[in-house]
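**Q** could you work out the structure for the sequence below:
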Amino acid sequence: MRAVSYNIHSGRDLFWRKRLDQMAASFQEWNADVICLQEVHQNSKYGYQARFLADQLRYQFLFAPSIQIADGFYGNAILTRLACTRFQTVFLPAKKEKRTLLQASLVWQGREFLVWNTHCSLQATSRSSQLQLLRTLARQEQETPLLLFGDFNAPNITFAPLLRDCAWELGKESLPTLPAFRRRLDYIFASPHWQVHDFTLSNIAWSDHVPVIAELDWRERPHPVPVK
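**A** Numbering: from 1, shown residues only. Next comes the predicted model:
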C-alpha cells in the first residue's frame, strides 16, 4: 500500500502562489491508496480544496474542521480510493489555535485498519499535551492495525513502543520535510501489523513542506517496536 502525508500550506507555495492544480497532477502520478493532508481549506475564501483534489483523483475525501474561516473551515483531510467504514473528528488540547485528529477506518485487501491524520501545535506546551493524548489513544488500539500521519511541528517525535517511525525504520530519519529550514516535521507512523518497504520524500515544490511517502504491506506476525 502506498500512503502519503503532506502539509499543503493552504494550496500555495513558498511565494504564496496557488498550486492546487500542480498538486492534483502530482497526486495522480503517485497512485497512492491514502493521502493525508494538513492545512486544508473548505471555504469560499480559499476554495473547497479537499473536494477539488478528491474530484481530480476520483477519490472520496474526509475532512476534520479545526478552525472556522468565512463560511467554512480549515483543517485536515484524508483522500482515499479505499472503502471507509466510519470516521470521526477528535479535538486535541490546545491553548490557542484549535487542532484536530481525523480518525478513519479503511479497508485494504479485505482487512480493516485505522488511519489517523493530525497537525500538532507550534506552541510546545499544547503540542506536548497533544502528543500525550495521541499516545493514550494509540495504546487503546493496540489490537488494530494503525497508521498515524501528520505534521507534528517538531523533530525527534516518537511513539515507540506503540508505533514505528517509517523513516527511522529505513534509516531516513534525517531527511528534512520543511526544506527551507532543514527540519523534519512530517511523519508516518505504523503499528507492528505493518512492514515498511520504502520511504521517500517527493521533490515537488508546491508547498513549504514536501510530501512523505511510505510503501507498506501486512506483516505476517506483528513484531515489537524497538524503543529509541
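
**Q** residue 21: neighbour count?
**A** Neighbourhood size, residue 21 [other CB atoms under 10 Å]: 13. C-beta: built from backbone N, CA, C; applies to glycine.

**Q** got it, and residue 5?
**A** Per other CB under 10 Å, the neighbour tally for residue 5 reads 27.

**Q** repeat that for residue 14.
**A** 13.

**Q** cool, and residue 151?
**A** By other CB under 10 Å, 25 other residues sit near residue 151.

**Q** that one against residue 184, yeah?
**A** No: using CB atoms under 8 Å, residue 151 makes no contact with residue 184, being 10.6 Å away.

**Q** ok, residues contacting stretch 54-73?
**A** 24, 27-28, 35, 40-46, 48, 50-51, 53, 74-81, 84, 87, 89, 97-102, 104, 117, 119 (CB atoms under 8 Å, 6 or more residues apart in numbering).

**Q** buried residues in it, which are they?
**A** 54, 56-57, 59, 61-66, 69, 72-73 (16 or more other CB atoms under 10 Å).

**Q** ok, now stretch 158-176?
**A** Quick answer for stretch 158-176 (16+ other CB under 10 Å): 158-159, 162-169, 172-173, 176.

**Q** closest to residue 12 out of the residues you listed?
**A** Set against residue 12, the nearest of the buried residues of stretch 158-176 by CB to CB is residue 176 (19.8 Å).
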